[in-house]
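K.L.:
sequence and predicted structure, then a few things I'm wondering about:
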Amino acid sequence: MAGTDEDAVAAADDALYVLTAVLLTPAKFPSVLGDDYPEACAALGLAPLADGYGLVFGQDGGGARWTVVIDDVSLVAVAIASWDCGMEYDLSPDEHTVVAALPGWPLALAVAAPGVPAPHDPDPETADGPPLTPPDTSTWGSAQRRLGADEIALQWAMWREQIDDAAFPSPNGGPTGGDKAVAGKVSDGETTDRDVPEDKATGDEASDNESSGERAAGDEAAEDKISGGAEKEARKGHSGIRRVLAEARAYVDSPPPLGRVRSSFASGDARTLRADGPGWSLVARTDDIAFVLLDDEPGEVLPVGRGPELPGLLEALDKMAVRPS
């Protein structure tokens, strides 16, 4: 296992300036590292222990980046909760809790310790193996897709208010997102609303066009430019959503790797569900709709209406999902 050398652990433990920490457990792990808990652990060269780990990110006295892995998950959880509440907490793991000291950081951090050199990779002589680096999120791919799903889960209300339930297809068409219900795009961890073409006709001309069902050529060009053609977009989206729902249903009968389906608190009696699979992520509220992101649909956020099937699927997934302890 990379980073378990005693000298590397001592180097990282000696005057480590702690910057932040995250949990690496079946119910909560940095999803940018993988679709499930074992995959996230493998990215760090760690065995997927049932109780999980705490990841402490810091710099040594020379400014080198280190990720200290500890098995005292409760300690890290308390520290994170304190920081989230704006309270100070001195996170100082005991030596006997240190599992490994890994060179580098697996996540991108925008902070640095004061009074030491700028963050940099440790000297290869003090590190056992190459330094950890964050996944590439500069272009759309699995890591960026998972980050987008994280953002939707955090900003559910903002994304949900963009959806007009009346725009979903009728239940006979199955629980899929329609072209008028597309929520928008996600890119580089930021969300942007999809532009909506404005009707350029006004007054009586607009009324005449609406009554006759005609559409101005300029409006058609605007729609095609934005969405690549509504019908084409809908057909493409429907196919991807159907595949995601089918694979999610398969999870109910054949449980996937730990952490592929997670359930967390939401408002009221609802739960926030997160499911991931090869090339896709799904975010949903058990009492509401769902959103799907696909590797082969760069930046697109596709809504899934309640329909006749989604409520039962979400209920079944919630029952089997991993929950925070």
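P.N.:
Received it, and whenever you're ready, just let me know what you need.
K.L.:
thinking Pro103 is in contact with Thr133, fair?
P.N.:
No - assessed by CB atoms under 8 Å, Pro103 is found out of contact with Thr133, at 10.1 Å. No exception for glycine: its C-beta is placed from N, CA and C like everyone else's.
K.L.:
who's more crowded, these two?
P.N.:
Between Pro103 and Thr133, counting by other CB atoms under 10 Å, Pro103 is the more crowded of the two (24 against 13).
K.L.:
who's that one bridged to?
P.N.:
Taking DSSP bridges as the rule, Pro103 bridges to Trp66.
K.L.:
which residues touch it?
P.N.:
Applying CB atoms under 8 Å, 6 or more residues apart in numbering, we find Pro103 in contact with 3, 8, 64-67, 121-122, 126-132.
K.L.:
stretch 124-133: how far from the chain's middle?
P.N.:
With CA atoms, centre = their mean, to the nearest Å as the basis, stretch 124-133 stands 28 Å off its chain's centre.
K.L.:
what does stretch 144-151 give?
P.N.:
With CA atoms, centre = their mean as the basis, stretch 144-151 stands 3 Å off its chain's centre.
K.L.:
and what of stretch 129-145?
P.N.:
Distance of stretch 129-145 from the chain centroid (CA atoms, centre = their mean) equals 13 Å.
K.L.:
likewise for stretch 148-161?
P.N.:
Here stretch 148-161 is found 10 Å from its chain centre; the criterion is CA atoms, centre = their mean.
K.L.:
mind listing what's buried along that stretch?
P.N.:
For stretch 148-161, a neighbour-count test (16 or more other CB atoms under 10 Å) marks Gly148, Ala149, Asp150, Glu151, Ile152, Ala153, Trp156, Trp159 as buried.
K.L.:
now that stretch: average pLDDT?
P.N.:
Across stretch 148-161, the average pLDDT comes to 95.
K.L.:
what's the end-to-end length of it?
P.N.:
With CA to CA, to the nearest Å as the measure, stretch 148-161 spans 17 Å from end to end.
K.L.:
strands along this protein, start to end?
P.N.:
17-24, 53-59, 65-70, 98-103, 184-187, 190-193, 261-265, 271-277, 280-285, 290-294, 300-304 (DSSP state E).
K.L.:
where does the chain have low pLDDT?
P.N.:
Residues of the chain meeting the criterion pLDDT under 70: 1-14, 169-184, 186-238.
K.L.:
tell me which residue is most central in it.
P.N.:
Asp150 (3.0 Å; CA atoms, centre = their mean).
K.L.:
the residue lying closest to Arg160 once chain neighbours are set aside: what's it in contact with?
P.N.:
Nearest residue to Arg160, sequence neighbours excluded (CB to CB, 6 or more residues apart in numbering): Asp288, at 7.0 Å. Residues in contact with Asp288 (CB under 8 Å, 6+ apart) are Arg160, Ala270, Arg306.
K.L.:
please report phi then psi for the second one.
P.N.:
The one in question is Ala270. Main-chain dihedrals, Ala270, degrees, to the nearest 10: phi -80, psi 170.
K.L.:
what's it in contact with, if anything?
P.N.:
By CB under 8 Å, 6+ apart, the contact set of Ala270 is Arg285, Thr286, Asp287, Asp288.
K.L.:
circling back: wait, which of the contacts of Asp288 is closest to Leu245?
P.N.:
Checking the contacts of Asp288 against Leu245 by CB to CB gives Arg306 as the nearest, at 12.6 Å.
K.L.:
can you pull out the helices in the stretch 151-300 of the chain?
P.N.:
Assigned helices in the stretch 151-300 of the chain, in chain order: 156-160, 203-212, 217-227, 230-253 (criterion: DSSP state H, counting those that start in this stretch).
K.L.:
just give the nearest non-adjacent residue to Arg145, would you?
P.N.:
The shortest distance from Arg145 to any non-neighbouring residue, by CB to CB, 6+ apart, is to Leu293 (4.9 Å).
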